[in-house]
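**Q** take a look and give me a structure for this.
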Amino acid sequence: MPEPSIPDEDGENAASVETAKPLSKKKILLGIGAVAVVTVGGLLIKLARKDYATEDIETAESLDTRVPTPAELEFATIVRAAAESVGKIMNVSTSGFTVEAKIRSNSGRGTWTAHFQFDEETGHCHYSHPYRGATAPLFFIEEVQRRLSEAATA
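**A** Presented below is the predicted three-dimensional model:
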């Protein structure tokens with residue numbers, strides 16, 4: 001709406017001048033927000049509609065399956081035999097030259113886990129378990145190392 005005319009210095013009405021009212025900050029922010037939403041929304045829709053080439057691959061076996069070497073198979077046999085000779089070892093699993101053993105607690109009511117990493121060439125072992133004074137892991141290591149050295153000399 002035009003503003004009323006402003007009188008000039010002589011008191012006569014000058015030509016009316018229309019001025020635009022400044023927009024409030026709220027209106028400016030809302031306007032920018034609406035543009036941003038429309039722009040972002042437009043991008044999201046365009047990205048959602050993008051078609052990607054896909055290809056289904058059918059395999060007979062898992063991609064994680066690895067065939068153990070003959071040395072790893074022999075090691076697994078030695079580990080199982082050693083575990084049977086150590087009374088507190090309930091279960092062992094091997095992956096390469098790494099062993100995970102479930103060991104029966106002293107009370108016999110629970111189990112705990114020990115991890116062993118044997119060196120393929122020397123038979124040395126790095127191990128970890130939660131109980132500092134436990135002897136079953138040490139007996140197991142000694143038995144595996146003894147059987148490995150027997151297999152190497154045979």
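
**Q** residue boundaries of the strands in this structure?
**A** For the chain, the strands defined by DSSP state E cover 89-95, 98-104, 111-118, 125-128.

**Q** pick the most buried one from the ones you listed.
**A** Highest mean neighbour count among the strands of the chain (mean count of other C-beta atoms under 10 Å): strand 98-104, with a mean of 19. C-beta here means a position set from N, CA and C on the backbone, and glycine is covered the same way.

**Q** mean confidence score for that one?
**A** Mean pLDDT, strand 98-104: 96.

**Q** now it against strand 111-118, angle please.
**A** Put simply, strand 98-104 runs at 150 degrees to strand 111-118, going by axes from the mean of the first three to the mean of the last three C-alpha atoms, to 10 degrees.

**Q** okay, now the sheet partners of strand 98-104, with direction.
**A** Applying DSSP bridges, strand 98-104 is found paired with strand 89-95 (antiparallel), strand 111-118 (antiparallel).

**Q** got the contact list for the first one?
**A** Strand 89-95 has contacts (C-beta atoms under 8 Å, 6 or more residues apart in numbering) with 72, 75-76, 79-80, 83, 99-104, 111, 136, 140.

**Q** repeat that with 6 Å
**A** Here strand 89-95 makes contact (C-beta atoms under 6 Å, 6 or more residues apart in numbering) with A76, V79, A83, V99, E100, A101, K102, I103, R104, T111, F140.

**Q** repeat that for stretch 147-154.
**A** Here stretch 147-154 has contacts from I78, A82, G123, using C-beta under 6 Å, 6+ apart.

**Q** what's the local residue count around V144?
**A** Using other C-beta atoms under 10 Å, V144 has 24 neighbouring residues.
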